[in-house]
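> A structural model of the following input is requested.
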Amino acid sequence: MVEFSKGKSQFCFTLADDSVFAFAGIWDRWKNPERKVVETCSIITTSANALLSDVHDRMPVILKGEDYDRWLDPGFKQVYDIFDLLKPYQADSNASVSREFCHRKNMTPARERVPRQRVSFY
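The predicted structure is shown next:
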């Protein structure tokens, strides 16, 4: 996850082992007043953990791998059943932050393949 702080500094947040992780999000397809089908989505945010709090006051909800199926369950009906997933990711040795990630001089072949996009969570 790349974040731009209020001072426009770039930060990259990764898990310590560089493994892939997923954000909790919602998606819907609906018809607007003109009857045109519109698809919308949003990343769900929560309060920032200790690692992110100096950069931003919120962060995306990061799901653990064992919770993916539960989050994506098409039979899901009760929001109270997933409230326990909507919390800040534990700030411990499993995450890291770098200000150097997006500087061209620090790009490795693996990082060059990752599209760099401006991402903000408000």
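
> pLDDT weak spots in the protein?
Residue ranges of the chain with pLDDT under 70: 1-10, 92-122.

> Which helix or strand contains the nearest residue to Leu51 once chain neighbours are set aside?
Nearest residue to Leu51, sequence neighbours excluded (CB to CB, 6 or more residues apart in numbering): Ala91, at 3.9 Å. For glycine as for every other residue, the C-beta is placed from the backbone atoms N, C-alpha and C. Of the helices and strands defined by DSSP states H and E, none includes Ala91.

> Could you report the neighbour count for Ala91?
15 (other CB atoms under 10 Å).

> likewise Tyr68?
Number of residues near Tyr68 (other CB under 10 Å) recorded here: 12.

> Pretty sure it sits in a helix.
Yes. Counting by DSSP: H, G, I helix; E, B strand; the rest coil, Tyr68 is located in a helix.

> Tell me which residues touch it, please.
Contacts for Tyr68 (CB atoms under 8 Å, 6 or more residues apart in numbering) come out as Ala22.

> in this structure, which spans are strands?
Here the chain has its strands, by DSSP state E, at 2-4, 10-15, 22-23, 25-31, 37-43, 45-47, 58-60, 62-63, 95-98.

> Of these, which is nearest Pro74?
Minimum separation from Pro74 across these (CB to CB) falls at strand 25-31, 11.8 Å.
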